[in-house]
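> here you go, sequence then predicted model.
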Amino acid sequence: MSFDQAFAHTIGIEGGYSDHPADRGGPTKYGITERVARANGYQGPMREMPLLEAQRIAKSQYWDVLNLDAIDALAPTIAGEMFDTLFNGGEPGQWLQRCLNVFNRSASLYPDMKVDGRIGPMTVQALRAFLGNRGREGERVLLVALNSLQGARFIGIAEHNSSQEAFVYGWLSNRVALEKQPKTG
């Protein structure tokens, strides 16, 4: 899935302006928090942030930083999932590397890699080797693994901060449930 498709999917979940009192992100428009907007040069009122500004910020902060064009070329659903996960505050680069390390059959398919969250040539090559061995079924299983880590993160957030219980059901139903995942093709 392209950046534009991933962005459209994520914005469909995030919606427009929000300033829920329990939301740790504070004032948010199209899922872009005020802190992220300011760090990326947007100085206007959050309620008035244009969609194109949110798209510009999302591309640099949540797509390009993970080298998702390279992931998208191999596994479009994984690229879309990683974008949405980072957008929502997860650690998809590290999670991808962890999953690929445990799927490599004790390093017989490809070497273990350092889990640093940086998606570089070694991670891309490991994903290519994994998919070459497991095919599209492997992409589906990898998506389940990434969603499992994301779901565990959401539960942990709510367990450690009861104010976040207001959001955990929606996080799980909109971001982790596989039938809610964007379709490719």
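Ah, there it is.
> so in the protein, where's the weakest helix or strand by average pLDDT?
helix 165-171 (a mean of 80; mean pLDDT, DSSP states H and E).
> got the end-to-end distance for stretch 61-79?
End-to-end distance of stretch 61-79 (Cα to Cα, to the nearest Å): 14 Å.
> stretch 84-95 too?
Stretch 84-95: ends 13 Å apart by Cα to Cα.
> how far does that stretch sit from the chain's center?
Distance of stretch 84-95 from its chain centroid, counting by Cα atoms, centre = their mean, to the nearest Å, is 4 Å.
> begin at 11 from now on, thanks
Shifting the count to begin at 11 puts that one at stretch 94-105.
> helices of this structure, start to end?
Assigned helices in the chain, in chain order: 13-24, 44-49, 61-68, 78-84, 86-97, 102-112, 131-170, 175-181 (criterion: DSSP state H).
> helices or strands next to the fourth one in the packing?
Just to be clear, that refers to helix 78-84. Helix 78-84 sits against helix 13-24, helix 86-97, helix 131-170, with contacts defined as 3 or more Cβ pairs under 8 Å, 6 or more residues apart in numbering; DSSP states H and E. Yep, even glycine has a C-beta here, placed from its N, CA and C like the rest.
> pick the most buried one from those helices.
helix 86-97 (a mean of 25; mean count of other Cβ atoms under 10 Å).
> which parts of the least confident helix or strand of the chain are buried?
177-178, 181 (16 or more other Cβ atoms under 10 Å).
> centroid-wise, who is the farthest residue in the protein?
Distance from the centre of the chain peaks at residue 118, with 28.1 Å (Cα atoms, centre = their mean).
> quick one: pLDDT of it?
Here, the pLDDT recorded for residue 118 equals 95.
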